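Chemist: Have a look; sequence and predicted model below, questions after that.
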Amino acid sequence: MDFSKYHGLGNDFILVDNRHQSEPLIPPETAATWCDRHVGIGADGVIFALPGQNGTDYTMRIYNSDGSEPEMCGNGIRCLAKFLEALEIADGKALQAPHTYRIHTLAGVISPTLQADGQVTVDMGTPILLAKDIPTTLGTPDDKVVGLPLAVADQDWAVTCVSMGNPHCITFVEDVAAIDLEKIGPQFEHHPAFPQRINTEFIQVVRPDYLKMRVWERGAGITLACGTGACASLVAGVLNGRCDRAATVELPGGPLKIEWSAADDRIYMTGPAQLVFRGVVA
Ligand code: ZDP
């Protein structure tokens, strides 16, 4: 079977041309094997380009490297946009930048735009803030969760929760480099306060327009970047009065530009996506 390997700031994905069938061509267990960096291709997830639904151009589905299925993937959808462009060009279609795709996801319609300079800007939709919708049992169901205490690894963390379709828990720290991610990440992910598990972002505010982030991803562990996480972190920064509505978020794999538009309440994420190689898997 043919695949393409892409990455967005080192968050890497296996892309599958699934345009002729509305169910993913491989089951989650196979995806987990493909993601294995020793016996597989190696990736943080597998993304399927499926036929569109409800008038959209395409549908995106994704499996994490552990085989679980998240609702959305910010770096992944930039990779998907580049992958679709390559598929369409191979089909003889002439594309002109800027070019926007409307993609059906489990988090609603998300629209990536391929820019003339090669970057991809994604309309990530509006953030979801009520505790019951994250979901989390922290605070009260019909309220936002902003700076509430959560006990993890014998420490109280002030956490803010934001869903970008997928759930995120954000905490602000003095120094992201000092965080023992490997140890505390899993304890956040599996904390009983998060019934759907959680992605956790540790954020150091360098300036109001510049954040440094490290992430422990649900179903994937430590990754070099997380697009939905960068968006959720900027929202958390604004809700806590710690950052501007537009900022650069520096991830281990490089920077993303994030803006939470005051005009339409939507989040816009701009960053790169790159083809690494194409291959055939046994
Ligand atoms: O929500 C989850 O289970 C995440 N692991 C999904 C992947 C998110 C991602 N890193 C992103 O860029 O948004 C791909």
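Modeler: Noted; the coordinates are in hand.
Chemist: C-terminal to the longest helix along the chain, which secondary structure element comes first?
Modeler: Looking across the chain with DSSP state H, the single longest helix is helix 74-90. Where DSSP states H and E defines the elements, the next helix or strand beyond helix 74-90 is strand 99-100.
Chemist: Partner strands of that next one, with direction?
Modeler: strand 108-114 (antiparallel) (DSSP bridges).
Chemist: ok, and for the partner strand, which residues are buried?
Modeler: 109-114 (16 or more other C-beta atoms under 10 Å). (Glycine included, C-beta is placed from N, CA and C.)
Chemist: cool, stretch 134-151 as well?
Modeler: Residues 134-136, 138-139, 144-148, 150 are the ones in stretch 134-151 that count as buried (16+ other C-beta under 10 Å).
Chemist: now stretch 39-59
Modeler: So stretch 39-59, judged by 16+ other C-beta under 10 Å, has buried residues 40-41, 43-50, 52, 56-59.
Chemist: got it, and stretch 84-95?
Modeler: Applying 16+ other C-beta under 10 Å to stretch 84-95 flags 84-88 as buried.
Chemist: Residues touching stretch 42-51, excluding its own?
Modeler: 5, 11-26, 31, 34-36, 58-65, 70, 73, 76, 79-80, 83-84, 87, 217, 220, 223 (C-beta atoms under 8 Å, 6 or more residues apart in numbering).
Chemist: Now intersect these with the helices, please.
Modeler: Those of the contacts of stretch 42-51 lying in helices (DSSP H): 31, 34-35, 76, 79-80, 83-84, 87.
Chemist: between those, which has the most around it?
Modeler: Cys79 (31 neighbours; other C-beta atoms under 10 Å).
Chemist: Distance check, that residue against Phe194.
Modeler: Cys79 sits 27 Å away from Phe194, going by C-beta to C-beta, to the nearest Å.
Chemist: So what's the gap between stretch 70-85 and the chain middle?
Modeler: When C-alpha coordinates are averaged (C-alpha atoms, centre = their mean, to the nearest Å), stretch 70-85 and its chain have centres 9 Å apart.
Chemist: should've said stretch 195-205
Modeler: 12 Å.
Chemist: Kindly report the same for stretch 265-274.
Modeler: Distance of stretch 265-274 from its chain centroid, counting by C-alpha atoms, centre = their mean, is 10 Å.
Chemist: Helix or strand: which one has Pro149?
Modeler: Using DSSP H and E, Pro149 falls in strand 148-152.
Chemist: which strands and helices sit next to that strand?
Modeler: Strand 148-152 sits against strand 155-163, helix 181-189, with contacts defined as 3 or more C-beta pairs under 8 Å, 6 or more residues apart in numbering; DSSP states H and E.
Chemist: Report the mean confidence score over that strand.
Modeler: The pLDDT scores in strand 148-152 average 98.
Chemist: swap in stretch 161-178?
Modeler: 98.
Chemist: re earlier: starting at the chain centroid, how far to the strand holding Pro149?
Modeler: For strand 148-152 - counting by C-alpha atoms, centre = their mean - the centre lies 24 Å from the chain centre.
Chemist: The ligand contacts on the chain?
Modeler: Selection of the chain residues close to the ligand by C-beta under 6 Å from any ligand atom yields 11, 64, 70, 73-76, 166, 199, 217-220, 223, 226-228.
Chemist: how does it look with 5 Å?
Modeler: 64, 70, 73-76, 166, 217-220, 226-228 (C-beta under 5 Å from any ligand atom).
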